[in-house]
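**Q** Got a predicted structure plus its sequence, pasted below:
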Amino acid sequence: MVGLHNYLHMGTLYNQSNGYGAALLHSITSVIPVFGRIFVVADASDSTLQYFTALQDLIDPDKQGTVRLFGDIEDAYAAVTSNNNDVILLSAYTTHELTEMMTVAKNRVHFFGMDGGGRLVQQGAKIQLTTTGVATDLAPMLVTGVRNTFHNLKVINNSTTNETLYGFIDNGEGTLIENCQFAKIAGLNDANHAHFWMAGDSCTYRNIVCGQSNIPNTAAGFGILIDGKTGGATDGTVKENFAENIYVNMSVGGSVQATSCFIKIADTAALNFGNVIHGFTGMNFIPSGGTIMTNGVLAPASIVAGSLFITDSAMFGCTGVSDNASAGVQIAARSLAPVAAGGLATNLSD
């Protein structure tokens, strides 16, 4: 019977060993340079689509009987092994709904959205938390493990629970995030919410958009919150992080222009050692009749243990760069003389 199964499987179009199936698998592995196993998440509602049939042929159980095709991301994550460099591929046709905050405590797990990649916004693979009433659901995803990666994903906080304040929390060590968007789109009337909570150690962030400007916040809100968080792979401080090409996209409404910002540093002990954001763009969309935001960065006057260096920055929709002349936050443009209010936008003139 085993031989008959193999014979029939060899005849399918999406066989792993030859034909289009082999080419498809090779194209996947060429962009995932790890030795771990591949797990795929595709919603059962996609079963009428041709790609779903291909997946059933291509991603069949391995020789040990391990299931590798799942209907939801939580089951796929439960199947991966920490430190094995396993990969979770997310289909890019439907939204992957979470029933509770997903804590990524395992190490070296790699999440890829399979939409072709390269997007800054509107990634096809979307992860969303809508569940309400659970105070421990701080965000759709909380990373606490070591050297996990996230590519080509849009993570959405669509919960109105007062404690569900964040679009994404990285409290890991050595996390890599590329071409992702994090957005809190509900409960923007809850004070001190943030689209991205940066709490990691030695992380790499590239091509990230935090927030979206079509829903104004009516309570104090931040694009990026920088603050230590215990219980993860870090020691409670944000340190040695390297970020490039980072966008904050938001719209500040109500009367919270002075308490909202693009980057919020929580307190004097939040940072440790050197941290850099190279190529930062902060955008506060001001609708008709709206009011400009006061400062792009809110930071303590004296940060004692670390620094945030912002290079080649542009800030739109705010009147000032920072509320304090903090030695812990510095801004510079390459090959230009230092300007304390560097990066502020102005209207075009003739």
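**A** Received, thanks.
**Q** Which pLDDT does the model give Asp235?
**A** The score at Asp235 is 77. That number is its pLDDT.
**Q** Isn't it up against Ser202?
**A** No. When contacts are counted by Cβ atoms under 8 Å, Asp235 is not listed as touching Ser202 (11.5 Å). Backbone N, C-alpha and C define where each C-beta goes, glycine included.
**Q** Who has more neighbours out of the two?
**A** More crowded of Asp235 and Ser202, by other Cβ atoms under 10 Å: Ser202, with 18 against 11.
**Q** what distance separates the start and the end of stretch 279-294?
**A** Counting by Cα to Cα, to the nearest Å, you get 21 Å between the two ends of stretch 279-294.
**Q** how far out from the middle of the chain is it?
**A** 22 Å (Cα atoms, centre = their mean, to the nearest Å).
**Q** low pLDDT regions in the stretch 51-200 of the chain?
**A** 51-67 (pLDDT under 70).
**Q** what's the span of stretch 141-161, first residue to last?
**A** OK, stretch 141-161 end separation, Cα to Cα: 15 Å.
**Q** Report the buried residues of that stretch.
**A** 141-159, 161 (16 or more other Cβ atoms under 10 Å).
**Q** Just the ones of the residues you listed in strands?
**A** Per DSSP state E, strands hold the following members of the buried residues of stretch 141-161: 141-143, 149-151, 154-157.
**Q** Identify the farthest-apart pair in the residues you listed.
**A** Longest distance between any two of these is 20.8 Å, between Thr149 and Asn157; criterion Cβ to Cβ.
**Q** Okay, now the sheet partners of the lengthiest strand in the chain, with direction.
**A** If you go by DSSP E, the chain has its longest strand at strand 271-284. Sheet partners assigned to strand 271-284 using DSSP bridges are listed as strand 238-239 (parallel), strand 242-250 (parallel), strand 306-311 (parallel), strand 314-316 (parallel).
**Q** Just the endpoints, please. Distance across stretch 96-113?
**A** First-to-last residue span, stretch 96-113, Cα to Cα: 11 Å.
**Q** now it, how far from the centre of its chain.
**A** Distance, centroid of stretch 96-113 to centroid of chain: 11 Å (Cα atoms, centre = their mean).
**Q** ok, now how distant is the closest residue to Ala125 other than its chain neighbours from Gln181?
**A** Among residues not flanking Ala125 along the chain, Gly113 sits closest, at 2.8 Å (Cβ to Cβ, 6 or more residues apart in numbering). Distance, Gly113 to Gln181, using Cβ to Cβ, to the nearest Å: 10 Å.
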